[in-house]
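>>> My questions concern the predicted model and sequence given below.
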Amino acid sequence: MRPKLETIKQFSRSLSTFSNTKPLGLRTRAVLRQVSMVVLANLCSVPGGMALGLPTVTLAQLKDTRNSYALNESQGSWYASINAIACPLGSLLSSYLLDKIGRKRTVISVNIISILSWIILATSSFHEDNLIFFIQVMISRFLMGISMGLASSPCGVYAAEISHPSLRGRLTLGTSVGIATGVFIIYTIGYFIRDDWRLISILALGYTIIAFMLAFIIVESPSWLLSKRRNEEAKQVLRYFNGIKKSDTNVYNEIENDFATMEKSLSNPNGQKKEKLWIMLKRPEVWKPLLIMIGFFAFQQFSGTFVVIVYAVQLSIDAGVNIDPVLCAIIIGLTRLLTTFLVGFIYDKWGRRPPAILSGFGMSICMILLAACTWYPDLGNIPYFAVGCIIVYILTSTLGLLTLPFSMLSEVYPPKIRGPCAGITTCFGYLMSFIAVNRYMAMVDGIGKENVFAFYGAVSFLSIIFLYLFLPETKGKSLIEIEEYFIYGKDGKLAKKANLERRETITTY
């Protein structure tokens, strides 16, 4: 027995030694802390996914003419899309709150607005004149849109600021995972509850209240604390996210170096005053990623990614699926959720560019095949062919165009202007989302469902060219290295010519 005990002890000591050879931020305690805080923060994005998928499971109920409060076709389109036009307001508000009150309080604010929106929907009263009921529902959906826009940036920014570069690719996908989870949950609830939209709203409200209470556990970002000159708190939080116990008073070079880097990136050279936003937008490390990300969101929206989520049941019917369209919606939601969990590992292994380009290619093929189901009825009559096209479309879109823009928001912008730029980008993204979602039914009526699918396929194909030419690769790069890429270019020739002093201050303004 004694030799076995010695062997076990030696093995334990070897594991301990191996763990201690890892960087501080990648040791077990540090990883658990980073992951747990990102999960808690992203609980606020789940109600946004519920709001996004809500029309799929409730629109038919609200348009049922057997009810006195039934919405007409025009009202139904606004019910499905008004949240998208409110999202830009939430995005702009997010850019202000992120810097003003911090990442943690912004997450709490998201939950407060979400709670209010679900309460209004759940308590909407019926009237002989359905206009009053419609207004109540629109207020609720508008607030849902504000909370969605407000939730689009803070969690990704927070994840990028607290996570080790080796984990950042997976953790910044938390918002996409949260939204996908919310969509799947609301689809599943809608499958079992098909005649009580009010009960669906109450269940969503219950979840949001739980998320609100858990948000108070979140630990604030060290970058924000440092930007507010709360240096000691920032250093303590850095120690926390690096897995160091409170009782450990040792000085760690890694933490000191991280703190110095953050301090330099957030400071102004030679005591200069902080420049205004419009001046900073002239800098290449700001305007280049801003234009790229706005373009990325444009291809995301006009390739039909959000339309498929919002109109999952209607689109399934238009595509001629031969199964229960609500069940098809659940399969869509589940496919998106499972793929979102996987893309973090895919991004860490293959980077951002290859999956994004593959995504555009897969989406294009699937939409053209859906259009062909109408052009060639024999093709559409093949069992489960249309369902398969929709599922593969969701899988490939989640691989890149659906999730990657939100994930990269937290990577490509300099720390000092990350909040405002993320807000501006998502503002444009959701404006385009409103146009795409609001005009879907009109496009189907105007040019036919097959030509709408063909349009989405053409946009998906064009996205391949855009992504190949402009999307930067951020895999394995620190936030400062990504910033250098936009300043000095891909080949780094200008960087080699720059003197040392300039290189040391590239992240300052």
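Noted; the coordinates are in hand.
>>> use CA for all of it now, contacts and neighbours both
Fine.
>>> Now do the buried residues in the biggest helix by length in the chain.
In the chain, with assignment by DSSP state H, the single longest helix is helix 73-100. Going by neighbour count (16 or more other CA atoms under 10 Å), the buried part of helix 73-100 is 75-99.
>>> any idea which helix or strand comes after that helix?
helix 103-122 (DSSP states H and E).
>>> contacts for that following helix?
With contact meaning CA atoms under 8 Å, 6 or more residues apart in numbering, helix 103-122 is reached by 41, 44, 47, 94, 97-98, 136-137, 139-141, 143-144, 146-148, 150-151, 154-155, 158, 198-199, 201-202, 204-205, 208-209, 211-212, 215-216, 218-221, 224.
>>> Any of those buried? List them.
Buried subset of the contacts of helix 103-122 (neighbour count, 16+ other CA under 10 Å): 41, 44, 47, 94, 97-98, 136-137, 139-141, 143-144, 146-148, 150-151, 154-155, 158, 198, 201-202, 204-205, 208, 211-212, 215, 218-221, 224.
>>> which stretches of the stretch 1-150 of the chain have low pLDDT?
Residues of the stretch 1-150 of the chain meeting the criterion pLDDT under 70: 1-21, 126-129.
>>> can I assume residue 59 is in contact with residue 78?
No. With contacts counted by CA atoms under 8 Å, residue 59 stays clear of residue 78, the gap being 10.8 Å.
>>> where do the helices sit along the stretch 301-450 of the chain?
Using DSSP state H, counting those that start in this stretch, the helices found in the stretch 301-450 of the chain span residues 305-310, 312-318, 325-350, 353-375, 377-380, 385-399, 404-412, 418-438, 440-447, 449-470.
>>> Extract the CA atoms of the fourth one and return them as PDB.
In this case it means helix 353-375. Extracted C-alpha coordinates of helix 353-375, given in PDB (Å, rounded to 0.1, in the frame of the first residue of the first chain):
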ATOM      1  CA  ARG A 353     -11.800  34.400 -41.200                       C
ATOM      2  CA  PRO A 354     -12.100  30.800 -42.500                       C
ATOM      3  CA  PRO A 355     -15.400  30.000 -40.500                       C
ATOM      4  CA  ALA A 356     -16.900  33.400 -41.600                       C
ATOM      5  CA  ILE A 357     -16.100  32.700 -45.300                       C
ATOM      6  CA  LEU A 358     -17.400  29.200 -45.000                       C
ATOM      7  CA  SER A 359     -20.600  30.600 -43.400                       C
ATOM      8  CA  GLY A 360     -21.300  32.900 -46.400                       C
ATOM      9  CA  PHE A 361     -20.800  30.000 -48.800                       C
ATOM     10  CA  GLY A 362     -23.100  27.600 -47.000                       C
ATOM     11  CA  MET A 363     -25.800  30.200 -46.500                       C
ATOM     12  CA  SER A 364     -25.700  31.100 -50.200                       C
ATOM     13  CA  ILE A 365     -26.100  27.500 -51.300                       C
ATOM     14  CA  CYS A 366     -29.000  26.800 -48.900                       C
ATOM     15  CA  MET A 367     -31.000  29.800 -49.900                       C
ATOM     16  CA  ILE A 368     -30.600  29.200 -53.600                       C
ATOM     17  CA  LEU A 369     -31.700  25.600 -53.000                       C
ATOM     18  CA  LEU A 370     -34.800  26.900 -51.100                       C
ATOM     19  CA  ALA A 371     -35.600  29.100 -54.100                       C
ATOM     20  CA  ALA A 372     -35.100  26.100 -56.400                       C
ATOM     21  CA  CYS A 373     -37.800  24.200 -54.400                       C
ATOM     22  CA  THR A 374     -40.300  26.700 -55.900                       C
ATOM     23  CA  TRP A 375     -38.700  26.900 -59.300                       C
END
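>>> What is it packed up against?
Contacts defined by 3 or more CA pairs under 8 Å, 6 or more residues apart in numbering; DSSP states H and E place helix 353-375 against helix 377-380, helix 385-399, helix 449-470.
>>> Now the following helix or strand past the last one: buried residues?
The helix or strand immediately downstream of helix 449-470 is helix 479-488, counting by DSSP H and E. Under the neighbour-count criterion of 16+ other CA under 10 Å, helix 479-488 has 479, 480, 482, 483, 484, 485, 486, 487, 488 buried.
>>> same thing with stretch 449-462?
Using 16+ other CA under 10 Å as the test for burial, stretch 449-462 gives 449-461.
>>> Adding pLDDT and distance to residue 256, write the residues you listed out as CSV.
Shown next, in CSV, are these (pLDDT from 0 to 100; distance: CA to CA, whole Å):
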residue, pLDDT, distance to residue 256
449, 88, 59
450, 90, 59
451, 93, 58
452, 92, 55
453, 92, 54
454, 94, 55
455, 95, 53
456, 95, 50
457, 95, 50
458, 96, 51
459, 96, 47
460, 95, 46
461, 96, 47
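>>> Output those residues in a markdown table; the columns should cover distance to residue 185.
As requested, those are exported to a markdown table (distance: CA to CA, whole Å):
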| residue | distance to residue 185 |
| --- | --- |
| 449 | 28 |
| 450 | 30 |
| 451 | 31 |
| 452 | 28 |
| 453 | 27 |
| 454 | 30 |
| 455 | 30 |
| 456 | 26 |
| 457 | 28 |
| 458 | 31 |
| 459 | 29 |
| 460 | 28 |
| 461 | 31 |
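>>> my read: residue 393 touches residue 366, true?
Yes. The pair residue 393 / residue 366 is scored as a contact, 5.6 Å apart, by CA under 8 Å.
>>> Which one of those two is surrounded by more residues?
The neighbour comparison of residue 393 against residue 366 (other CA atoms under 10 Å) goes to residue 393, with 28 against 25.
>>> Identify the residue nearest the more buried one in space, chain neighbours excluded?
residue 363 (5.0 Å; CA to CA, 6 or more residues apart in numbering).
>>> what sits against the one you found?
By CA under 8 Å, 6+ apart, the contact list for residue 363 reads 392, 393, 394, 396, 397, 457, 460, 461.
>>> how near is the third one to residue 454?
Separation of residue 394 from residue 454 (CA to CA, to the nearest Å) stands at 16 Å.
>>> The first one now?
Applying CA to CA, the value for residue 392 to residue 454 is 16 Å.
>>> circling back to that earlier point, any idea which of the helices of the stretch 301-450 of the chain gets closest to residue 187?
Of all the helices of the stretch 301-450 of the chain, helix 325-350 sits nearest to residue 187, with 5.5 Å by CA to CA.
>>> pLDDT below threshold where in the stretch 251-400 of the chain?
By pLDDT under 70, the weakly predicted segments of the stretch 251-400 of the chain are 251, 263-278.
>>> check which helix or strand covers residue 170.
Taking DSSP H and E as the criterion, residue 170 maps to helix 165-171.
>>> Now do the SS call for residue 187.
Recorded secondary structure, residue 187: helix (DSSP: H, G, I helix; E, B strand; the rest coil).
>>> any idea of the pLDDT on it?
You'll see residue 187 listed with a pLDDT of 91.
>>> There's contact between it and residue 51 in this structure, I believe.
No. With contact defined as CA under 8 Å, residue 187 does not reach residue 51; the gap is 10.8 Å.
>>> ok so, going back, dump the helices and strands packed on helix 353-375 to CSV, plus distance to residue 230.
What follows is the helices and strands packed on helix 353-375, written out as CSV (distance: least, CA to CA, whole Å):
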stretch, distance to residue 230
helix 377-380, 63
helix 385-399, 39
helix 449-470, 38
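>>> Please point out which parts of stretch 288-302 sit buried.
Residues of stretch 288-302 classed as buried by neighbour count (16+ other CA under 10 Å): 288-290, 292-302.
>>> which residues touch that stretch?
So stretch 288-302 is in contact with 401-402, 405, 409, 412-413, 421, 425-426, 428-429, 432-433, 436, 456, 459-460, 463, 467, 470-471, 486, going by CA under 8 Å, 6+ apart.
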